[in-house]
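Student: I'll drop the sequence and a predicted model, then ask my questions.
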Amino acid sequence: MSTADAKLWLDRINALKITETIKIMNVCGGHERALNQAGLRTLLPSKIELIPGPGCPVCICPEEAIAMAMNIALNESAIVVTFGDMMRVPINAAKAEPRSLEQARACGGDIRPIASPIEARLIALQHPNQQVLFFMAGFETTTAPTAALITEGIPDNLLLLLAARRTWPAVAHLLSDERPGFDALIAPGHVSAVMGSDEWRFVADQHQLPVAVAGFDAASLLAAIYSVITQKQRGKAELENCYPSVVTTAGNRIAQQLIEQTMNVVDSRWRGIGTIPASGYALNKSACAHDAHIHFSQYAINNDQNHHMPPGCDCAQVVLGKCYPNQCRLYGSACTPSTPIGPCMVSDEGACRIWWANGLHKTLAHKQA
Amino acid sequence: MKKGIHRAGHITLAHGNGGRHMRALITEIFAHHLGNAALDTQCDAATLTFPQPLAEEQLLFTTDGFTVDPLEFPGGDIGSLAIHGTVNDLAVSGAIPLYFSLNAFIEEGLAIAQLERIVISMARAAAACGVKVVTGDTKVVRRGEGSGLYLATSAIGIKRSSLTLAMSQIKSGDVIIISGSIGDHGTAVMLAREAFGLQGALQSDATSVQPLTDALLKFSGLRFMRDPTRGGLATVLHEIHHATSLGAHLKQDAIPVRDEVASVCEILGYDPLYLACEGRVVAVIDKHQASAALDALRALPDGRNAAIIGEIASALPYVMLETPLGGQRIIEELEDEPLPRIC
């Protein structure tokens, strides 16, 4: 959709009589990024609050998975590949020990950033005599191509360390709170393209909250914001698909089947949140020869404390939508993109990083929070 | 029988040992292509002549280093880049570049044919810019200690205008002009490297900006010029902000960005405002002369897409981008090396 479409939706929203504050959570880090890039918070009526939610796979990747990938890189001759924004995620570690994959690389680990699972396959084929470990953190959008990597002839020397998560169980977890802290939901467009918009129907049916699936431009986001506000005003919660060019009710059946063929749904830890039932994927029997959790089980860390954020860091509250990035006492002082303390300051999908990159620690911040 | 350089071979450590192979490399590759009256490989220093007696503050001197992977990319290579990059540093300072020094750090194993292609390209760029390489040195580093080839250049130029070009000249209300689309070089090199599995044939914008700066120097209201290389357009505006405390108000829909660049940025989560250009000029100019300066740029082949992209604003304590919808975004200083995001 074009800028003209976006202006149209903005005019429609501005024409609404909004008397009560409405808090709208956007699940996806990509949405938070897109709405900041369009400057939407500076354009919308002040009664509309846009709250960043749990949709940053880097931010919620549990520490123990990162530590395991680091230890394998430092102690084995394996090449570790991972999505670029995992490289700098800090973990709690003893002083003088590396605290991120990037630091582990500086200490001698062969750790390489990639942008897609295909690259993991290419690197494995280029190094047939070495083990290649693909440390994969991501949601359904990257889980599906990872499943395809397995079914389409995975090289023998390629191992997978999965930290794959399902999005809707995290939202269900937030909604299980008596006061979830938001009145409506913008559902993630790319996840819905894979899994289908129907995955989000429970938000309206079981929790009576308006929900709309949005794409990643200003027009689609504004259309979804308009949808949930007018649903609330009508007093009728529904699911609306504002990204119909890409998202269907049932989603991409082939992608879903690839996931079903290669993975099981399991209870999984979310950093800062804890264990959420049925919220992640593990490789099933058919792919167990490539499961790093089995192959490198000696590096597995199983510590219940490991879902905690660093001391003083409010990333857990930010991920849950309970506080805005600039309400964290470390934001912009001890914690900046150069010296990130919590994971949300690292990834381009992390709310703190997005706010920082768009200058929300400066004068505009008070207007926007 | 005369034993010259083996053009089908590779650089070995012998090409750096001071002996016969090194002499062959210098005379048959470097001096052969870059040769000029002032370049005498028998002398340890070059004698320079200047077109007219020099007055005070007329001589400008600059230095630059070049590393790029891959060494050759659509629209250029490390050789032409070294000439253009150094010429551009002098050009945006208001000078005509004249003389170059060149240091080449060559990695053992580099194909001599590739090295020669790069030196030929450098010679072509130097001839087109009217500059001469008058002194140089080569070193060979062991395999694994370099990335094929590193170049270091220094250059001397003569100031051609009485204008004082400096950030201190910039005033609130001055207009910001960019001479063409941003991020082409950064994206072209990324694509040429097939980084992150991406491919494409986008051309780098790497070229001499001297025709552009010559056109701009005719305007008395010109305050400052800079070529937005590493760190891109956003970084130039931050440098201005740090030096002057003046903010900038940019209009996003006025900033020229090629579709290919926008797509790559969309996929990887990059922002074209931070990507390198190697043939563009950011100019700050008095608002009354801005539209005439824009016309002058647009009349040139490399300035066809020049645009007025915003203005200097004392009321803003930051660099602010107005989005096409009318929203506002503060453009932060670049933090770390960008890494691609997950989804």
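Tutor: That came through fine.
Student: use CA for all of it now, contacts and neighbours both
Tutor: Noted.
Student: Could you pull up phi and psi at B:Asn103?
Tutor: phi -120, psi 130 (degrees, to the nearest 10).
Student: quick one: which helix or strand includes the closest residue to B:Gly85 other than its chain neighbours?
Tutor: Nearest residue to B:Gly85, sequence neighbours excluded (Cα to Cα, 6 or more residues apart in numbering or on different chains): B:Glu278, at 6.7 Å. Of the helices and strands defined by DSSP states H and E, none includes B:Glu278.
Student: Run through the residues that contact B:Glu278.
Tutor: B:81, B:84-85, B:185, B:204-207, B:227-229 (Cα atoms under 8 Å, 6 or more residues apart in numbering or on different chains).
Student: Show the pLDDT at it.
Tutor: pLDDT, B:Glu278: 96.
Student: need the residues of the stretch 51-200 of chain A near chain B, please.
Tutor: Proximity of the stretch 51-200 of chain A to chain B (Cα under 8 Å from any Cα of the partner chain) is limited to residues A:57-58, A:83-85, A:113-116, A:118-119, A:138, A:141-142.
Student: State the pLDDT value of the most centrally placed residue in chain A.
Tutor: In chain A, the residue lying closest to the centroid (Cα atoms, centre = their mean) is A:Cys56, at 2.2 Å. pLDDT, A:Cys56: 90.
Student: repeat for the one 4 residues further on
Tutor: The predicted local confidence for A:Ile60 comes out at a pLDDT of 93.
Student: now do A:Arg12
Tutor: Confidence score, pLDDT, at A:Arg12: 97.
Student: separation between it and B:His15?
Tutor: 72 Å (Cα to Cα, to the nearest Å).
Student: same thing with B:Ala292?
Tutor: Taking Cα to Cα, one finds B:Ala292 at 53 Å from B:His15.
Student: which of the two has more neighbours?
Tutor: Neighbour totals were compared for B:Ala292 and B:His15, and B:His15 leads with 23 against 13 (other Cα atoms under 10 Å in any protein chain shown).
Student: would that one count as being in a helix?
Tutor: Yes. Counting by DSSP: H, G, I helix; E, B strand; the rest coil, B:His15 falls inside a helix.
Student: which one is it nearest to, not counting chain neighbours?
Tutor: Nearest one to B:His15, counting by Cα to Cα, 6+ apart, is B:Met22 at 4.2 Å.
Student: Which neighbouring residues are in contact with that neighbour, exactly?
Tutor: B:14-16.
Student: right, and A:Asn92 touches A:Ser100 too?
Tutor: No. Applying Cα atoms under 8 Å as the test, A:Asn92 and A:Ser100 come out as separate, 9.1 Å apart.
Student: which one of these two has more residues nearby?
Tutor: Higher neighbour count among A:Asn92 and A:Ser100: A:Ser100, with 22 against 19, using other Cα under 10 Å.
Student: Based on its surroundings, how many neighbours for A:Arg179?
Tutor: With other Cα under 10 Å as criterion, A:Arg179 counts 9.
Student: Setting aside sequence neighbours, what's the nearest residue to B:Ala283?
Tutor: B:Met225 (4.5 Å).
Student: coming back round to it: tell me the gap between the host helix or strand of the residue nearest to B:His15 and the middle of its chain.
Tutor: Here B:Met22 is covered by helix B:20-25, with elements defined by DSSP H and E. A distance of 31 Å separates the centroid of the chain from that of helix B:20-25, by Cα atoms, centre = their mean, to the nearest Å.
Student: One more: stretch A:312-323?
Tutor: 14 Å.
Student: Ok, stretch B:110-125 next?
Tutor: 18 Å.
Student: List the buried residues in it.
Tutor: B:110-116, B:118-125 (16 or more other Cα atoms under 10 Å in any protein chain shown).
Student: confidence score at A:Asn303?
Tutor: 64.
Student: wait, I meant A:Lys232
Tutor: A:Lys232 is given a pLDDT of 96.
Student: That one looks like it's in a helix, true?
Tutor: Yes. Counting by three-state DSSP, A:Lys232 is found in a helix.
Student: tell me the domain ranges of the chain?
Tutor: I'll assume chain A. A:1-311, A:315-368 (automatic domain parsing).
Student: Switch to chain B, please.
Tutor: B:13-159, B:167-330.
Student: got the end-to-end distance for the longest one?
Tutor: Domain B:167-330 has an end-to-end distance of 21 Å (Cα to Cα).
Student: mind checking how far it is from the chain centre?
Tutor: On Cα atoms, centre = their mean, the centre of domain B:167-330 falls 14 Å from the chain's centre.
Student: Next: the first one.
Tutor: Its chain's average C-alpha position is 14 Å from that of domain B:13-159, according to Cα atoms, centre = their mean.
Student: just the strands in the chain please.
Tutor: No chain specified, so I'll use chain A. Ranges of strands within chain A are A:22-28, A:48-55, A:79-83, A:111-114, A:132-138, A:158-164, A:184-187, A:211-213, A:239-241, A:263-270, A:274-283, based on DSSP state E.
Student: wrong chain, I was asking about chain B
Tutor: B:59-66, B:72-73, B:76-77, B:95-107, B:132-141, B:149-159, B:175-178, B:222-226, B:247-251, B:282-285, B:307-313, B:319-322, B:328-330.
Student: Any chance you could list what contacts the fifth one?
Tutor: Contacts of strand B:132-141 from elsewhere in the structure, counted by Cα under 8 Å, 6+ apart, are B:11-13, B:15-16, B:26, B:34-36, B:38-41, B:45-46, B:98-108, B:126.
Student: how many degrees apart are it and strand B:95-107 in direction?
Tutor: Interaxial angle, strand B:132-141 versus strand B:95-107 (axes from the mean of the first three to the mean of the last three Cα atoms, to 10 degrees): 20 degrees.
Student: Check which residues of strand B:132-141 are buried.
Tutor: Going by 16+ other Cα under 10 Å, strand B:132-141 has these buried residues: B:132-136, B:138-141.
Student: What is the end-to-end distance of stretch A:328-336?
Tutor: Stretch A:328-336 stretches 12 Å from its first residue to its last (Cα to Cα).
Student: residue furthest from the geometric center of chain A?
Tutor: Outermost residue of chain A (Cα atoms, centre = their mean): A:Asn129, 33.8 Å.
Student: how much space is there between that one and A:Met345?
Tutor: 37 Å.
Student: backbone phi and psi for the residue nearest to the centre of chain A, please?
Tutor: Dihedral angles (degrees, to the nearest 10) for A:Cys56: phi -130, psi 110.
Student: Disregarding residues adjacent in the polypeptide, which is nearest to the residue in the stretch 1-150 of chain B that chain A sits nearest to?
Tutor: The nearest approach of the stretch 1-150 of chain B to chain A comes at B:Gly144, 15.5 Å away (Cα to the nearest Cα). Setting aside the residues directly before and after it, B:Gly144 is nearest to B:Glu107 in space (Cα to Cα, 6+ apart), at 7.5 Å.
Student: What's the local residue count around residue 290?
Tutor: All of this refers to chain A. 22.
Student: my question was about chain B
Tutor: Neighbour tally, B:Ala290, other Cα under 10 Å: 23.
Student: pLDDT score for it?
Tutor: pLDDT, read off for B:Ala290, is 98.
Student: Would you agree it is in contact with B:Val175?
Tutor: Yes. Assessed by Cα under 8 Å, B:Ala290 is found in contact with B:Val175 at 6.4 Å.
Student: which residues do those two both contact?
Tutor: With Cα under 8 Å, 6+ apart as the test, B:Ala290 and B:Val175 both reach B:Ile308.
Student: Helices of chain B, start to end?
Tutor: B:20-25, B:32-34, B:78-91, B:112-129, B:184-192, B:210-216, B:232-244, B:259-268, B:290-298 (DSSP state H).
Student: For chain A, give me the ranges with low pLDDT.
Tutor: Residue ranges of chain A with pLDDT under 70: A:1, A:303-307, A:361-369.
Student: try 80 this time
Tutor: Within chain A, the ranges that satisfy pLDDT under 80 run A:1, A:302-309, A:360-369.
Student: can you pull the contacts of B:Val92?
Tutor: B:209-210, B:213, B:224-227, B:281.
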